[in-house]
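Undergrad: turn this into a structure:
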Amino acid sequence: MNKDLLHHSLTLVDLPDDGLTARFYDILFDRYPQVKPMFSRNTRQQASMLRSAIVSVVDHLDDADWLATTLGTLGARHAGMGVTEPMYGAVAECMVAAMTEIGGDQWTPEMSEEWTAALGAVASMMLAGYPAGETGAA
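TA: Presented below is the predicted three-dimensional model:
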């Protein structure tokens, strides 16, 4: 992964008041309304936690142990909430869509590709934390 590109592109779209992650949830619920019941009505706190997680992952891209441990633990929590493997693809799609929208003319296809790959890697590490046989794959 290109840490510099991920960091730079995140600075382009990391809006005040968790604007990126709030927009992400708008897109997610519009494209995948079936996941909305998994969340509280007010996603403000969730948006804040998601923003913090994204920043932490980018900050720790050089620390494989931290990533594996932290994301595995996070994955185990998500398994307990009913998050299934296909949902990770939807999350990546909607996050890149939010980033592309917010980034506007400064956002490049290379940034989208890098974020798609990074979010796929995050999903893999989170799924590694799921109890055996509980990824909810189709």
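
Undergrad: next one: phi and psi at residue 14?
TA: The phi/psi pair for residue 14 (degrees, to the nearest 10) reads phi -80, psi 90.

Undergrad: spatially nearest residue to it (excluding sequence neighbours)?
TA: residue 20 (5.7 Å; CB to CB, 6 or more residues apart in numbering). (Each C-beta comes from the backbone N, C-alpha and C, glycine too.)

Undergrad: and that neighbour, what does it touch?
TA: Shown in contact with residue 20 (CB atoms under 8 Å, 6 or more residues apart in numbering): 13, 14, 51, 98, 99, 102.

Undergrad: just these: which are in helices?
TA: Using DSSP state H, 13, 51, 98, 99, 102 are the members of the contacts of residue 20 that sit in helices.

Undergrad: possible to save those residues as TSV with pLDDT?
TA: Formatted as TSV, the ones in helices among the contacts of residue 20 follow (pLDDT from 0 to 100):
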residue	pLDDT
13	97
51	94
98	98
99	98
102	97
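
Undergrad: out of those residues, who's nearest residue 35?
TA: Residue 35 lies nearest to residue 98 out of the ones in helices among the contacts of residue 20, by CB to CB, at 15.2 Å.

Undergrad: list the contacts for the closest one?
TA: Counting by CB under 8 Å, 6+ apart, residue 98 touches 13, 20, 21, 23, 24, 26, 27.

Undergrad: what about the chain, any weak spots by pLDDT?
TA: Scanning the chain for pLDDT under 70 picks out the ranges 133-138.

Undergrad: try 80
TA: Applying pLDDT under 80 to the chain flags the ranges 40-41, 132-138.

Undergrad: so where do the strands sit in it?
TA: For the chain, strands defined by DSSP state E do not occur.

Undergrad: that one: helices as residue ranges?
TA: Going by DSSP H, the chain shows helices at 3-13, 19-31, 44-59, 64-80, 85-103, 109-128.

Undergrad: can you say which of the contacts of residue 98 are buried?
TA: Neighbour counting by 16 or more other CB atoms under 10 Å classes 13, 20, 21, 23, 24, 27 among the contacts of residue 98 as buried.
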